[in-house]
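**Q** whatever this is, show me its structure:
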Amino acid sequence: FEALGLISFSGSLGGAAASVGFAATGHGPISLAYGALTGTMTSAGVAAFFRPSGLPWIPGLRGVREVIGFGTTTSGTTLLNIAGQSAPELFLGRLQGMTATGRYGRAQGLVMMFERLILEGLYAVALPMFSQALRQGGDFAGIFLRTVGYVSLCGWCFLGALGLLADPVILLLYGEPWRPAAPLVEL
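**A** Modelled structure (predicted):
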């Protein structure tokens, strides 16, 4: 977990520093792309530092069938998930125009912040923890249910507070022009 945390943190820090640095030197919006590239390269460099000594540098073909099978299923599921999340904005844009779509997108982004800030970090820790419990014959069901309970409690608290404070949070994070998105956040 320490290695995963350091890899993730260093990539985020490197990407943020590069984005700010490029923006400060006048590179404009492309600064974000340069920052993302720098973050990925930083993560890869730190991951190489933590690489197990026996792990080969060049991938082989052993197990490629299993990887392709798993990757196909996972990629298909991810594409369907993205299509399902994007469908409301597509229909809203067609039926009510870009203003309504922009407000909906801003409200949805704010509501999804819990997933981006908390759950994505939790995934990196929970998956190895669940795998270890399953491999060692531990109480997998109990660990899973306890974890889901904690995450649900935190999520409902976050969403409840966001629902009650939607207007001031929208004003703080996005400014006055986005205030009409607050009722959507409340919903």
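**Q** quick check: pLDDT value at the closest residue to T42 other than its chain neighbours.
**A** Using Cβ to Cβ, 6 or more residues apart in numbering and skipping residues adjacent in sequence, the residue nearest T42 is G14, 3.3 Å away. From N, CA and C alone the C-beta is placed, and that goes for glycine too. The predicted structure scores G14 at 94 on the pLDDT scale.
**Q** show me what contacts G14?
**A** The neighbourhood of G14, defined by Cβ atoms under 8 Å, 6 or more residues apart in numbering, consists of 38-39, 41-43.
**Q** same thing but at 6 Å, please
**A** With contacts defined as Cβ atoms under 6 Å, 6 or more residues apart in numbering, the neighbours of G14 are 38-39, 42.
**Q** turn those residues into TSV, columns for neighbour count.
**A** Listed next are these as TSV, based on neighbours: other Cβ atoms under 10 Å:
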residue	neighbour count
T38	19
G39	21
T42	20
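**Q** please tell me how far W156 sits from Q96.
**A** For W156, the distance to Q96 equals 30 Å [Cβ to Cβ, to the nearest Å].
**Q** again, but for L4
**A** Distance, L4 to Q96, by Cβ to Cβ: 43 Å.
**Q** A33 too?
**A** Using Cβ to Cβ, which is the criterion applied here, A33 is 31 Å from Q96.
**Q** swap in A18?
**A** If you go by Cβ to Cβ, the gap between A18 and Q96 works out to 38 Å.
**Q** please enumerate the helices of the protein.
**A** 2-24, 30-49, 64-96, 98-111, 113-114, 120-135, 140-164, 166-173, 182-186 (DSSP state H).
**Q** turn the ones you listed into TSV, columns for distance to P56.
**A** Supplementary listing: those in TSV, determined by distance: least, Cβ to Cβ, whole Å:
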stretch	distance to P56
helix 2-24	19
helix 30-49	13
helix 64-96	14
helix 98-111	41
helix 113-114	39
helix 120-135	22
helix 140-164	31
helix 166-173	46
helix 182-186	49
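**Q** so which of these is nearest W57?
**A** Each of those has some distance to W57 by Cβ to Cβ; the shortest is helix 30-49, at 9.0 Å.
**Q** for that closest one, list every residue counted as buried.
**A** 31, 34-35, 38-39, 42-43, 46-47 (16 or more other Cβ atoms under 10 Å).
**Q** elements contacting that helix?
**A** Based on contacts counted as 3 or more Cβ pairs under 6 Å, 6 or more residues apart in numbering; DSSP states H and E, the elements that helix 30-49 packs against are helix 2-24.
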